[in-house]
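S.K.: quick check, what structure comes out for this input:
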Amino acid sequence: MKKIVVFCAGGMSSSLLINRMRDTAAELKLDCEINAYGTSSAGSCGKDADVILLAPQVRFSKAEIMQKCPGVPVQVIEMMDYGTMNGKKVVSDAIALMGERGEKA
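M.R.: The predicted model follows:
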């Protein structure tokens, strides 16, 4: 099972995106766990992730999260995808970041 972690500031808008990402993962029959946490949880919640995605509003913390979670790919979610809650595109980006082959959303 793959683990996708999204770090954000407050979690309200991220929870909407997470739900759309989970729906997409279910449609694609991906065996994955998708959760969102505040950036303060990076050290405890990100180390065992397969990929970490950052909400655009916390993009400034990318270097710090990369340091706390060595070896885990970290990418900032594109502003347009985050703003439109495009779960399909975000899941597709996460799959690509993990280096997996297969159907893109």
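S.K.: now the strands for the chain?
M.R.: 2-8, 32-38, 51-54, 74-76 (DSSP state E).
S.K.: so of the ones you listed, which one's packed in deepest?
M.R.: strand 51-54 (a mean of 24; mean count of other C-beta atoms under 10 Å). The way it works is simple: take the backbone N, C-alpha and C, and place the C-beta from them, glycine included.
S.K.: mind giving me the packing neighbours of the longest helix anywhere in the chain?
M.R.: For the chain, the helix with the greatest residue count under DSSP state H is helix 12-27. Here helix 12-27 touches strand 2-8, strand 32-38, helix 87-98, going by 3 or more C-beta pairs under 8 Å, 6 or more residues apart in numbering; DSSP states H and E.
S.K.: for these, which one sits closest to residue 20?
M.R.: helix 87-98 (2.8 Å; C-beta to C-beta).
S.K.: what's next to the longest helix of the chain, contact-wise?
M.R.: 4, 6, 8, 32, 34-36, 55, 77, 82, 85-88, 90-91, 94, 105 (C-beta atoms under 8 Å, 6 or more residues apart in numbering).
S.K.: off-centre distance for that helix?
M.R.: Put simply, helix 12-27 sits 10 Å off its chain's centre (C-alpha atoms, centre = their mean, to the nearest Å).
S.K.: that one vs helix 87-98, what angle?
M.R.: Following axes from the mean of the first three to the mean of the last three C-alpha atoms, to 10 degrees, one obtains 80 degrees for the angle between helix 12-27 and helix 87-98.
S.K.: any idea of the angle helix 12-27 forms with strand 2-8?
M.R.: Counting by the same axes, to 10 degrees, helix 12-27 lies at 160 degrees to strand 2-8.
S.K.: could you list the buried residues of helix 12-27?
M.R.: For helix 12-27, a neighbour-count test (16 or more other C-beta atoms under 10 Å) marks 13-14, 17-18, 20-22, 24-25 as buried.
S.K.: any idea of the mean pLDDT for that helix?
M.R.: Mean pLDDT, helix 12-27: 92.
S.K.: need the CA coordinates for it. PDB is fine.
M.R.: Backbone C-alpha positions of helix 12-27 (Å, rounded to 0.1, in the frame of the first residue of the first chain) are rendered in PDB as follows:
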ATOM      1  CA  MET A  12     -10.100  22.900   6.000                       C
ATOM      2  CA  SER A  13      -9.600  23.200   2.300                       C
ATOM      3  CA  SER A  14      -7.100  20.300   2.300                       C
ATOM      4  CA  SER A  15      -9.800  18.000   3.700                       C
ATOM      5  CA  LEU A  16     -12.000  18.700   0.600                       C
ATOM      6  CA  LEU A  17      -9.000  17.900  -1.700                       C
ATOM      7  CA  ILE A  18      -8.200  14.700   0.200                       C
ATOM      8  CA  ASN A  19     -11.800  13.500  -0.300                       C
ATOM      9  CA  ARG A  20     -11.500  14.100  -4.000                       C
ATOM     10  CA  MET A  21      -8.100  12.400  -4.100                       C
ATOM     11  CA  ARG A  22      -9.500   9.400  -2.300                       C
ATOM     12  CA  ASP A  23     -12.400   9.200  -4.700                       C
ATOM     13  CA  THR A  24     -10.000   9.200  -7.600                       C
ATOM     14  CA  ALA A  25      -7.800   6.600  -6.000                       C
ATOM     15  CA  ALA A  26     -10.900   4.300  -5.500                       C
ATOM     16  CA  GLU A  27     -11.900   4.800  -9.200                       C
END
